[in-house]
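Asker: got a predicted structure plus its sequence, pasted below:
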Amino acid sequence: MKRWFVQVGTKIHGPLSAEDVEKWHEKHKECLVWGKGMSEWVSHFEWKLSQDETAAKENRITLWQYRKDDKESKILKIDELISELRGLPSYDNIYVKSDADPRWQILFTSSDVTEKLGITRRTQLRVPIFGFFEGHNLATDEDFRCKLLTLSEGGCGFTEALGLKIGHSIRGQIISPNLNQTLMILGDVVYAGSSGDLGVRFSQLTPEGKALVLDYITKFKDAEAY
């Protein structure tokens, strides 16, 4: 299955099979790896470690629970969990956890569950990108700088962005070696995690900026076929 991408310098290659990734790593020891569902590029060592952890997880039985309106379900196997979730009228405000990861998390953030349910809140491909954002929080009239994680046609993801809240509007520039020029944006915060992770939806993007974003995302489009 070809689902991986390798970045060498600023050039991206893929989609690739796991065997292809190993071949690229033999030639370029400092290459980075990304695949659909990952939040950012990782080193080959980290990628290999995650592959081993995934294989180990698939070989053990994971037990799950879901929570709705503060009422917790009984302990379930994954197939039982999926069966019960499919019987619910909606997936809003549903949280899940497992013995492998005992923290309650919003259902839509658990790829193990959403993939089996065949659902997603994302209608646009979100891809990893190196860089940072420099700009201004229009709600608090403060400047800030944070790390860029992801990019899509409709917005971007940041981290290390403390102090911003859902509903805040921001203006500034995305600077990345993956893009051939600075990207100016105006956006609204639509997600804010406690650790400083942010989801920003573009409210204004010039035609040139949109073309720049689409050109970068196109590098990953083929992976959607797998």
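Answerer: Cool, got the structure.
Asker: what comes up buried for stretch 85-104?
Answerer: Judged by neighbour count using 16 or more other Cβ atoms under 10 Å, the buried positions of stretch 85-104 are 85, 91, 94-98. C-beta here means a position set from N, CA and C on the backbone, and glycine is covered the same way.
Asker: kindly export stretch 100-117 (C-alpha atoms) in CSV.
Answerer: This file holds the C-alpha atoms of stretch 100-117, laid out as CSV (Å, rounded to 0.1, in the frame of the first residue of the first chain):
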residue,chain,number,x,y,z
ALA,A,100,-4.2,1.9,25.5
ASP,A,101,-5.0,5.6,25.9
PRO,A,102,-7.1,6.2,29.0
ARG,A,103,-7.7,9.9,28.4
TRP,A,104,-11.2,10.9,27.2
GLN,A,105,-11.1,12.5,23.8
ILE,A,106,-13.6,13.8,21.3
LEU,A,107,-14.7,11.0,19.0
PHE,A,108,-13.7,12.8,15.9
THR,A,109,-10.1,13.0,17.1
SER,A,110,-9.7,9.3,17.4
SER,A,111,-8.6,7.9,14.0
ASP,A,112,-9.0,4.3,15.3
VAL,A,113,-12.7,5.0,15.7
THR,A,114,-13.5,7.3,12.9
GLU,A,115,-11.8,5.1,10.3
LYS,A,116,-14.0,2.1,11.3
LEU,A,117,-17.1,4.3,11.4
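Asker: output the below-cut-off pLDDT ranges for the chain.
Answerer: Along the chain, the parts satisfying pLDDT under 70 run over 1, 57-59, 119-124, 194, 222-226.
Asker: could you list the domains of this protein?
Answerer: Domain ranges of the chain: 4-58, 63-117, 127-225, per automatic domain parsing.
Asker: contacting residues for residue 186?
Answerer: Counting by Cβ atoms under 8 Å, 6 or more residues apart in numbering, residue 186 makes contact with 169-171, 202-205.
Asker: make sure it is indeed in a strand.
Answerer: Yes - looking at residue 186 with DSSP: H, G, I helix; E, B strand; the rest coil, it is inside a strand.
Asker: tell me how many other residues crowd the closest residue to it other than its chain neighbours.
Answerer: Using Cβ to Cβ, 6 or more residues apart in numbering and skipping residues adjacent in sequence, the residue nearest residue 186 is residue 204, 3.7 Å away. A total of 12 residues lie near residue 204 under the criterion other Cβ atoms under 10 Å.
Asker: got it, and the one 5 residues further on?
Answerer: Using other Cβ under 10 Å as the criterion, residue 209 is surrounded by 18 other residues.
Asker: for it, which non-adjacent residue is spatially closest?
Answerer: Of all residues not flanking residue 209 in the chain, residue 183 sits nearest, at 5.3 Å (Cβ to Cβ, 6+ apart).
Asker: sorry, back to before: possible to save the contacts of residue 186 as CSV with secondary structure?
Answerer: Listed next are the contacts of residue 186 as CSV, based on three-state DSSP:
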residue, secondary structure
169, strand
170, strand
171, strand
202, strand
203, strand
204, strand
205, coil
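Asker: please pick the buried ones from those.
Answerer: Neighbour-count burial (16+ other Cβ under 10 Å) applied to these gives 169-170, 202, 205.
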